[in-house]
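Enquirer: Any chance you could fold what I've pasted below:
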Amino acid sequence: MKKTSIVYKDILFDVVDQVAWITINRPKVLNAIRERTLDEMGHALKGTRSDPSIACVVISGAGGKAFCSGGEFSMMKRFTWANAMLWNERMLDSAMTIRGLTIPVIAMVDGWCMGGGNELALWCDIVVASETAVFGQTGAKVGACPTVGATQYLPRILGERLAREMIFCARRFTATEAVHHGLANYCVPQADLRKKTLELCEAIKSNSPQSIRLTKVSLNQESDHLYASWRSGMEFLAHVWGSEESLEGMNAFTEKRKPDFNRFRLRYKKEVEEYLAGVDDE
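Expert: Predicted coordinates for the structure are as follows:
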């Protein structure tokens, strides 16, 4: 078995028998991602381009409890309209790097796959899930917008109705449901997760790299036209970060209480009524 490794802080990176393994190594925070995480993942992913012997990439999370729980709130609460673009561009670059690799990228999902973590899985070509996996978009619960892959790809995978329910209602899917609805390719016992993933890697290794490279570009062609949605989504997010609603959602989550979003509806109602009253007085 031939193995090479590069040492990072937030991720583990190994190339074993022509497969690149990227593991988010932040189990204490359920593999939540921060700036360093994305920078290191991007560096590792782009580094595979210089080794054409690598047949595929596998992305996973350490600890057995989470693939990725999304963005780290302690970091996200520092965002403002002025600085949020720095984070948003990192996310966009990570997504486009995964989609742009000439080799398949497999998400090996164990445990929580939520918010930005679910979007990370959506960027990948194939998803293998353990029976413990749970998929979901949490943006509506924490005052964020899932415009870094969810609004672009979930309607294509789930269909419009189910995608809207998943986003608007923060609906979660078990691994079995995820396979049924097309969010994942396989659901296997946790003990068999790596074995099943390796089977897929071996299948890829036995096939033509030229064919895979060209057909991945072809498969991406239609959804590549959604790039304009990504760009506008980054601007939407820039205006969301640091807003009262986003801070209420994230603070409520960290304080383990139910967020009070209804006070914003009531305040907006009052502002509209005051505006309309002024119009009527003209």
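Enquirer: switch to C-alpha atoms for all contacts and neighbour counts from now on
Expert: Fine.
Enquirer: Quick check: closest non-adjacent residue to residue 93.
Expert: Nearest non-adjacent residue to residue 93, counting by Cα to Cα, 6 or more residues apart in numbering: residue 42, 7.7 Å away.
Enquirer: cool, residue 75 as well?
Expert: Counting by Cα to Cα, 6+ apart, the residue nearest residue 75 is residue 34, at 6.8 Å.
Enquirer: what sits against the one you found?
Expert: For residue 34, the contacting residues are 71-72, 75, by Cα atoms under 8 Å, 6 or more residues apart in numbering.
Enquirer: who wins for neighbours among those residues?
Expert: residue 71 (19 neighbours; other Cα atoms under 10 Å).
Enquirer: Next, work out how far apart that residue and residue 168 are.
Expert: 19 Å (Cα to Cα, to the nearest Å).
Enquirer: so how many other residues sit close to residue 218?
Expert: Neighbours around residue 218, by other Cα under 10 Å: 12.
Enquirer: Hmm, I typed the wrong one, I wanted residue 44.
Expert: Neighbour tally, residue 44, other Cα under 10 Å: 20.
Enquirer: State the helix or strand in which it lies.
Expert: Assigned by DSSP states H and E, residue 44 belongs to helix 35-47.
Enquirer: Following the chain past that helix, name the next helix or strand.
Expert: Following helix 35-47 in sequence, per DSSP H and E, is strand 56-61.
Enquirer: Setting the sequence-adjacent residues aside, check what's closest to residue 14.
Expert: For residue 14, the closest residue by Cα to Cα, 6+ apart turns out to be residue 5, at 4.3 Å.
Enquirer: I'd assumed residue 11 was in contact with the one you found.
Expert: No: counting by Cα atoms under 8 Å, residue 11 is not a contact partner of residue 5; they are 11.2 Å apart.
Enquirer: Tell me which of the two has more neighbours.
Expert: For residue 5 versus residue 11, neighbours defined as other Cα under 10 Å are more numerous around residue 11 (23 against 12).
Enquirer: Could you report the distance from that one to residue 28?
Expert: Taking Cα to Cα as the measure, residue 11 falls 13 Å from residue 28.
Enquirer: try residue 149
Expert: Taking Cα to Cα, one finds residue 149 at 26 Å from residue 28.
Enquirer: Next: residue 68.
Expert: 11 Å.
Enquirer: if you count what's nearby, which of the two comes out ahead?
Expert: Each of residue 68 and residue 28 has its neighbours counted (other Cα under 10 Å); residue 68 has more, 31 against 11.
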